[in-house]
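below are the sequence and a predicted model; questions follow.
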Protein chains: 4
Amino acid sequence: MSQQSSYYPELAKEIEAPEGPLGVLLPGLGAVATTFIAGSLLLKKGLAKPYGSLTQMQRIRLGKRTNPKFPLIKDFVPLAKLKDFIFAGWDIYKDNCYETALKSGVLPQNQIAKISKELAGIHPLSAVFDKKYVRNLDGSNIKKFKTKMDAAQELIKDIENFKKKNNLKRAVMVWCGSTEVYMTPLKVHETLESFEQGLKKNSPEIAPSMIYAYASLMTKTPYANGAPNLCLDIPALTELSKKQKVPIAGKDFKTGQTLMKTIVAPGLKARMLGLDGWFSTNILGNRDGEVLDDPGSFKSKEVSKASVLDAILEPELYPELYKEIYHKIRIEYYPPRGDAKEGWDNIDIFGWCGLPMQIKINFLCRDSILAAPVVLDLVLFLDLAQRAGLSGIQEWLSFYFKSPMSRPDLKPEHDLFIQHLKLQNTLRILMGEEVLDHSGLDYYESKEAAIKATGK
Amino acid sequence: MSQQSSYYPELAKEIEAPEGPLGVLLPGLGAVATTFIAGSLLLKKGLAKPYGSLTQMQRIRLGKRTNPKFPLIKDFVPLAKLKDFIFAGWDIYKDNCYETALKSGVLPQNQIAKISKELAGIHPLSAVFDKKYVRNLDGSNIKKFKTKMDAAQELIKDIENFKKKNNLKRAVMVWCGSTEVYMTPLKVHETLESFEQGLKKNSPEIAPSMIYAYASLMTKTPYANGAPNLCLDIPALTELSKKQKVPIAGKDFKTGQTLMKTIVAPGLKARMLGLDGWFSTNILGNRDGEVLDDPGSFKSKEVSKASVLDAILEPELYPELYKEIYHKIRIEYYPPRGDAKEGWDNIDIFGWCGLPMQIKINFLCRDSILAAPVVLDLVLFLDLAQRAGLSGIQEWLSFYFKSPMSRPDLKPEHDLFIQHLKLQNTLRILMGEEVLDHSGLDYYESKEAAIKATGK
Amino acid sequence: MSQQSSYYPELAKEIEAPEGPLGVLLPGLGAVATTFIAGSLLLKKGLAKPYGSLTQMQRIRLGKRTNPKFPLIKDFVPLAKLKDFIFAGWDIYKDNCYETALKSGVLPQNQIAKISKELAGIHPLSAVFDKKYVRNLDGSNIKKFKTKMDAAQELIKDIENFKKKNNLKRAVMVWCGSTEVYMTPLKVHETLESFEQGLKKNSPEIAPSMIYAYASLMTKTPYANGAPNLCLDIPALTELSKKQKVPIAGKDFKTGQTLMKTIVAPGLKARMLGLDGWFSTNILGNRDGEVLDDPGSFKSKEVSKASVLDAILEPELYPELYKEIYHKIRIEYYPPRGDAKEGWDNIDIFGWCGLPMQIKINFLCRDSILAAPVVLDLVLFLDLAQRAGLSGIQEWLSFYFKSPMSRPDLKPEHDLFIQHLKLQNTLRILMGEEVLDHSGLDYYESKEAAIKATGK
Amino acid sequence: MSQQSSYYPELAKEIEAPEGPLGVLLPGLGAVATTFIAGSLLLKKGLAKPYGSLTQMQRIRLGKRTNPKFPLIKDFVPLAKLKDFIFAGWDIYKDNCYETALKSGVLPQNQIAKISKELAGIHPLSAVFDKKYVRNLDGSNIKKFKTKMDAAQELIKDIENFKKKNNLKRAVMVWCGSTEVYMTPLKVHETLESFEQGLKKNSPEIAPSMIYAYASLMTKTPYANGAPNLCLDIPALTELSKKQKVPIAGKDFKTGQTLMKTIVAPGLKARMLGLDGWFSTNILGNRDGEVLDDPGSFKSKEVSKASVLDAILEPELYPELYKEIYHKIRIEYYPPRGDAKEGWDNIDIFGWCGLPMQIKINFLCRDSILAAPVVLDLVLFLDLAQRAGLSGIQEWLSFYFKSPMSRPDLKPEHDLFIQHLKLQNTLRILMGEEVLDHSGLDYYESKEAAIKATGK
């Protein structure tokens, strides 16, 4: 057949080999970060499996359905190895990672015990922090600085010291810190120049997470934003990422309830089932829950979570089905739940002749367990992207985020399945392989096909 | 840019215009069929909306994200119009469609009242039925015949009379009848010849649904199989469909719980979350529930439903994640639920370092409401396929079925999102439009892209 | 045997016969009140059954288990008849009860149609209302007055006119209006004198519901408080009820989630299962939901609902089991739910050796359907109480309330089953019958018993 | 006041003091029994709390509400002490209790470790077992015997040896073994004589559990039946219990789903809410689940569980509310659940004017955790009963059973709250204290009351 078609040869890349150690920099060494680190250490020792991680476990189909190959992603694209990871991080508490892993209660004690020494050796650097942006937290491991530009320079120095000390050529930074209060892009965020002015003048519009991102980009370190903070979503920093040729990605790790939402909503839409309302409540009992008990931080999270439905369901195209959705999201601090998290969703749909139906989803999940492999994949894919010469927003990593970044004139993609195909097809393109479009009519409409279709 | 690539010009088709009335033939005039007919009549009069139907409501993206068009599918491909439908059907009960619609209690009485006359005018033809294949039903509107071949000839006569009387050139048949006892393909099913011998010799391996399918294909009427019956899934009938140049599709309408399963399971797999077990129970109170209370019929349904998880999760590729799934399905007759249906799913998953999590889904749904628009779409798409010259198995209609048919040497596709993309890309191909592969790297890796990406 | 014991002959009462019509006065003619009225009218005509009503359907055991009698409560105690009810009410909207019943969407239209004339004839009197106490409502059917004492006099005149016009000797008032902002008893509420001073001086501490209660008591009309408003719970009004010899009861109808809570919590306690936390969320879409979207009104409701667990579980007696309960209650306005209401409860319990377990309850209920028979029973039992010479707080009616009133030095009883036994035993006492204590040892420890116990 | 009334002085008992050690005999040393033993050992050492046990934690109100006392039950009635327990048991597997506790996975390993030595010292005696009665189990620790009477004599010898060896004067036996196939009382069960004949003649109608019960009663050991086996429910054995002056109780420990049912159903009935249907499904993954996968054993369990609703709701008294209940119970073996158990209940109720509502309950429970304290209480209360001179059926222990025993001419009581009151009032009676009837009118209708009611 003639469609040599589904190739994008001009977009294939030469990718540098991932040689030498890779620095993994984590602002925020709480439950998510320590679960990620602990799991990575267990993996290195063969004491755990990397469930939840595409880079470690997923396979990618190459070739036709009649003769497919399914290599592991990690055998298909040149990724760094876990054994080459070197960890560092910042936190407002002085606990080392062993202490934090025990306190956060995510992994069982007997698992943590097996890597206690390594974990205990990771001490948080002092953090750039300001209670104005995260009102419900307090810590003592905090940098003192006069201007925010000074703070940025401190972080840059931290990064450079860490790289020098460990003889690193490459590093990736992933924000695992708390949710800051809600902010919108303002004048100071518009250009790199105005932003740097703001840093020097201590502009209140510049939050700590932005200072980390700035420091990351200035040191040519790829940066991923795991929280709903404004952070990277300002022209000043996307500009800087292009200028520095650094790939970036964000925002807000897609874990429990929103993960389910971006799984279920595309299904409803595919089947043209209408939606009257979607009520989501969450109960959670850890530091996250405490932070989100503050209305300012909650607003950031709420906005990040709320965009999902409209973006997937496209009420502008389907006003009869999705224009009047009542979407309500609640997050409730509930200490008995501990580090576990529980979502309850009530979904009111309607079908043929308008008849109503209901779906209830109760998700007993664990935030850190869902987030840790996301951190791992982002570290590896951002490092890959940098070696492939990609820079700026990496939309193909939308799969991992509640509120994905995209080119400003393009609508972000929230449908988990489109995100997944985008990720896999991007890998295929980078490696010069045929993309999948799942059309498949060619298996039926050709002479060979016709013969096979009868089963003879 | 250079990828004029994602086209399949050789597969584009010239499609005949859908002129004149279209016969809609329904074996089984129960809740599903009458809900479909009633809704179609309400739609004709502008008294209802076709929620749930892709052919009526869904839009299809054409062109790039920067300049997309979103025509309705029905404006994009040449479909028949609802106003041209003429209905007929067979049933073992003598109730006309008005009586059945009232009894089945799906649509509200005041809606049914608006089309009572039209519904009352549709009387079921006497059915080909044998209690051996559906043990919990009994009816009085049943054809008498000596051999199954005689029965087939009776049905062929019914179809021809109906077409002649209504001056029809085209018709489509969709099985809306009950679930028959479980059967597997045997010798008699192997060739058209052996099958026709079997008809003449009253082979017990030939169930009524196969006789309907045979009559349908012999009259060049496309046929869709809405139940988990073996029916079309035998070489004799797929061979006949190719010989007669008739498109076919099946099997088992994808409605409540399995619909949710094919939405959720792909999400878990995309994220590489492991699965320990999936327990599904269903309560339902209508004729369907009664039929499925018979272990023979339940077996057919169970097998149809069970294949879904393995096909989606591919334990052969992911033994660590999906090899040990304990998948249990129960269907319980529970009269208080009436025509409504309710699924409860418990899903035991595991993530990072093996930690367990649970998802519970409670779906308060209505089988007929979910199935009716599927019937509508199948009628229209099979008619389209026939006019486009397609014949045999229409894999691109997998989207609508619990247990989709495919070329014998290809694995059937169960992932709702791949099925959906396959359907839409098939339409694009038929019309000579570019397919979508959602890769999208071109929006970022080109000169224009680079400029836009900074938002300036 | 000798225990003629379980009698309280001195507390038996002579009860006047319920002759003539009974006025039923309802401040607040919204969904609850009109559902109650509509149902009562349907009942009169034999078009509905009084499900949910003890006075109409429940039986009461008299005598020993070996020879029990089970008369209907309404045949056992001398209750007024439904046919003798004459309805009146106040509301801030001018809609008659037919219009309100249609709008509130509780009962099906075809049921309402059967009593449309009677409903349309009930027009709300203009209400005593002040937006300060119910911030999310606005209405136009409102009395103008200079002082709150004037308002009280207006209401008294309304009552007297109604009784005169309908030739009534007896009436009962049941508050079916909205939840007012949270208030606590202050100086002005302490004595009747200070309260009347407050009325004259327009004290802001006197809410409209108190003015209705005052008018009710002044006209010797028994009063029940169906909302969580402070209202009757002030010494001034309990004093007045004793002085006027009028029975009173309250507060806050026990309907959906709290009803379940007072059913389940006693079960946990009976079995000595510990409780870590109880998270309750509610979604509701009607006027009630709108009112409770105001934090002031929500506070009243929250306090009323929160007291339940502590009162039942007695952490002072069981500190190891119930001292550290995290009890969180949310009420969410969610318009797609309409008049229906839905509760989701997550209950974290622990048992033997401290092992945790969880209970989740999802209650798809209808507030007005649960409240209407409560209104009916309160009307009839308060009228009975008055005829029996009882006055002041009727603790035996605790069964109907989320936050029951009791003698100030006694702990209120929240356990539904104790409340139920209290109600039934009170009826037994009033009628001079033996009370039940369910001890039952006498059936085994006597000669006759010994013989029977072997089954011979 | 005058009602010295609520006393039953003639039924008060002189109770022997619980001196010396108490033998605890357990046929069936599986998850329930070892969890009970392990917990008891932890309790002795102060390493656990006896949550779930009335004898250890519950208080009992004595006296009036104005001046109540709340002693612990164990301080109120003369119970044996945990420290005096000496354990023994029979099982078809040879694992000692330490091994079984580890395998069954109920208590955490680190808890079990603290009492490993004591647990390892308890070796099961060889069991009387016959696969015909429990088809899905096989074991090697089984007594060989010619007649069932020989088997009984073996057990009697076991008991006597145990008592002699440990110098015991008192012992209690609690059946913690598996569910046997469904049986109904037949001729052989009618008299002690026919039963003993049957033992000698190896009557197939005599199941192993009956042989244990016979041995227990012959040695004057009180016996409780924790499974739904017919066992004690035959005239021969109730007669024997009276003859030997031994208290007995049964049957089928009330744990997860049925416990919830006997909590919720009384609430619905108290409020006169109608019931259309109740669908209960259970998933469980341990030996219990395996045994109940056999239809014969399932039938026993089903019958035991099914009786609950009718007995509580009394359709004979309330045909309009409860006559047409569709009650369906399913138990599903689902290995991923392990020793945990999960119930899902769907309850279809109706209220005022017949409007339907739904309740869904999802109970994530642990069978052994709920059963263990029941075993403890039964041991202590049966020993108390024996010392108090009570014999035969102990109906006051109904509280602990799914299918409680009662005098043949009396209806058994299933309502958890009536059962609880019965238990507590029985204790009050035994000790000569006033019973509670919760009437409470006396607090309001007397001079003193009148004064207090105003709060002054």
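Okay, I see it. Numbers count the residues shown, from 1 in each chain, chains lettered A, B, ... in the order given.

give the contact list for the residue in the stretch 51-200 of chain A positioned nearest to chain C.
Nearest residue of the stretch 51-200 of chain A to chain C: A:Gly105, at 13.1 Å (Cβ to the nearest Cβ). For the C-beta atoms, the positions are set from N, CA and C on the backbone; glycine is no exception. If you count contacts by Cβ atoms under 8 Å, 6 or more residues apart in numbering or on different chains, A:Gly105 has them with A:Gly338, A:Asp339.

where in chain A is pLDDT low?
Low-confidence segments of chain A (pLDDT under 70): A:1-5, A:304, A:447-456.

up against chain D, what does it have?
Contacts of chain A with chain D, taken as Cβ under 8 Å from any Cβ of the partner chain, map to A:Lys360, A:Asn362.

if you set the cut-off to 10 Å instead, what comes out?
Within reach of chain D by Cβ under 10 Å from any Cβ of the partner chain, chain A has these residues: A:Pro108, A:Gln109, A:Asn110, A:Lys360, A:Asn362, A:Leu364.

next up, identify which helix or strand A:Lys360 is on.
Secondary structure from DSSP states H and E places A:Lys360 in strand A:356-366.

that strand: partners in the sheet, and parallel or antiparallel?
With DSSP bridges as the test, strand A:356-366 is paired with strand A:340-350 (antiparallel), strand B:356-366 (antiparallel).

wait, A:Gly338 touches A:Asn286, no?
Yes: using Cβ atoms under 10 Å, A:Gly338 is in contact with A:Asn286, at 6.5 Å.

between those two, who's got more neighbours?
Applying other Cβ atoms under 10 Å in any protein chain shown to A:Gly338 and A:Asn286 shows that A:Asn286 carries more neighbours, namely 22 against 16.

now do the contacts for the closest residue in space to that one that isn't next to it in sequence.
Once flanking residues are discounted, A:Asn286 sits nearest to A:Asp339: 4.6 Å by Cβ to Cβ, 6 or more residues apart in numbering or on different chains. A:Asp339 sits next to A:30-32, A:35, A:103-107, A:284-289, A:366-369 when contact means Cβ atoms under 10 Å, 6 or more residues apart in numbering or on different chains.

show me which residues of chain A sit near chain C.
Counting by Cβ under 10 Å from any Cβ, chain A sits next to chain C at A:275-279, A:281, A:283, A:285, A:324-326, A:328, A:330, A:332-338, A:342, A:344-348, A:350, A:356, A:358, A:360, A:362, A:364.

drop anything exposed from those.
A:275-279, A:281, A:283, A:285, A:325-326, A:328, A:332-338, A:342, A:344-348, A:350, A:358, A:360, A:362, A:364 (16 or more other Cβ atoms under 10 Å in any protein chain shown).

farthest-apart pair in the residues of chain A next to chain D, please.
A:Asn110 and A:Lys360 (35.6 Å; Cβ to Cβ).

now for A:Gly338 and A:Asn286: what residues contact both?
Residues touching both A:Gly338 and A:Asn286 (Cβ under 10 Å, 6+ apart): A:Ser104, A:Gly105, A:Val106.

please identify the helix or strand for A:Ala330.
You called it Ala, but residue A:330 is Arg. strand A:326-333.

all helices of the stretch 101-250 of chain A, in order?
Counting by DSSP state H, counting those that start in this stretch, the stretch 101-250 of chain A has helices at residues A:109-113, A:116-120, A:148-166, A:192-200, A:208-218, A:235-243.

looking at those, spot the one closest to chain B.
Closest of the helices of the stretch 101-250 of chain A to chain B is helix A:235-243, at 5.3 Å (criterion: Cβ to the nearest Cβ).

by contact count, what packs against the closest one?
Helix A:235-243 sits against helix A:192-200, helix A:208-218, strand A:223-225, strand A:247-250, strand A:392-393, helix B:447-453, with contacts defined as 3 or more Cβ pairs under 10 Å, 6 or more residues apart in numbering or on different chains; DSSP states H and E.

pull out the buried residues from that helix.
Across helix A:235-243, burial judged by 16+ other Cβ under 10 Å covers A:Pro235, A:Ala236, A:Leu237, A:Thr238, A:Glu239, A:Leu240, A:Ser241, A:Lys242.

repeat for stretch A:126-138
Judged by neighbour count using 16+ other Cβ under 10 Å, the buried positions of stretch A:126-138 are A:Ser126, A:Ala127, A:Val128, A:Phe129, A:Asp130, A:Tyr133, A:Val134, A:Asn136, A:Leu137.

closest to D:Ser391 out of those?
Of the buried residues of stretch A:126-138, the one sitting nearest to D:Ser391 (Cβ to Cβ) turns out to be A:Asn136, at 63.4 Å.

who's in contact with the closest one?
A:Ser178, A:Arg287, A:Gly289, A:Glu290, A:Val291, A:Leu292, A:Asp293, A:Asp294, A:Gly296, A:Ser297, A:Tyr333.

kindly recompute the last result at 8 Å.
A:Glu290, A:Val291, A:Asp293, A:Asp294, A:Ser297.

next one: A:Arg59
By Cβ under 8 Å, 6+ apart, the neighbours of A:Arg59 are A:Phe70, A:Pro71, A:Leu72, A:Ile73, B:Leu317, B:Tyr318.

over to A:Ser140?
Contact analysis of A:Ser140 by Cβ under 8 Å, 6+ apart lists A:Ile92, A:Tyr93, A:Lys94.
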